[in-house]
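J.: Quick one, structure for this:
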Amino acid sequence: MSARPTGRVVQTSDGADLILTRTFHAPVDDVWKSITESDRTSRWFGRWEGDAAPGKYVTLYMGFEKDAPPAKMLIEACTPPRHLAVSMKDDYGHWRLELSLEQSGGETTLTFVQHLTDTSTVGDTGPGWEYYLDMLVASRNGTSLPSFGDYYPAQHDYFVAQVGSK
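T.: Reported below is the predicted structural model:
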């Protein structure tokens, strides 16, 4: 698996969107389970506990961030198996994330969007999401998980260049 950056930053009326995609040779229902079922999200991102329903909070336990405290994540929207929107606040800011799935033939494309009101951290968050989405790919394929050191700081400048120097 290559650690080349693929994401793009698109300006919006209230900031910018960081957009990344991954394509899977799998039905949409199976990919949906990989991004919504705790036992499967624990393989590439972290496990969660709670009542996962729109307007409810779950507690997220990051699986690959050393000493990260649990975080409360709000499920803002959920339309299985096509769309999930969540948000959370932590020491690094307010995270507004959307994941959308589209199936065509035997492939499902995941589009991940982080809505940014401040683009000053995109050089850090861009490589982080590239890493986590490649972790998802590896966990689904049964291949070795990537190393974060292959993503950061190597991809920092790629993302910063998309918004100008900050």
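
J.: tell me the contacts of the residue nearest the centre of the chain?
T.: The geometric centre of the chain, computed from its C-alpha atoms, lies nearest to Trp129 (Cα atoms, centre = their mean), at 5.2 Å. By Cβ atoms under 8 Å, 6 or more residues apart in numbering, the contact set of Trp129 is Gly7, Leu18, Leu20, Phe112, Gln114. Where you see a C-beta, it was placed from the backbone N, CA and C, and this is true even at glycine.

J.: Select from these the one having the most neighbours.
T.: The residue in the contacts of Trp129 with the most neighbours, by other Cβ atoms under 10 Å, is Leu18 (24 neighbours).

J.: so where does it fall, helix or strand?
T.: strand 15-24 (DSSP states H and E).

J.: what element comes up after the strand or helix carrying Thr108 heading to the C-terminus?
T.: Under the criterion of DSSP H and E, Thr108 resides in strand 107-116. Per DSSP H and E, the first helix or strand lying C-terminal to strand 107-116 is helix 122-141.

J.: where along this structure do the strands fall?
T.: Per DSSP state E, the chain carries strands over the ranges 8-12, 15-24, 46-50, 57-62, 71-79, 83-90, 93-104, 107-116.

J.: Now mean pLDDT and distance to Gly123 too, for the ones you listed, in a markdown table please.
T.: A markdown table is the format used below for the strands of the chain (pLDDT from 0 to 100; distance: least, Cβ to Cβ, whole Å):
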| stretch | mean pLDDT | distance to Gly123 |
| --- | --- | --- |
| strand 8-12 | 96 | 10 |
| strand 15-24 | 97 | 11 |
| strand 46-50 | 97 | 23 |
| strand 57-62 | 97 | 20 |
| strand 71-79 | 97 | 22 |
| strand 83-90 | 95 | 18 |
| strand 93-104 | 96 | 14 |
| strand 107-116 | 98 | 12 |
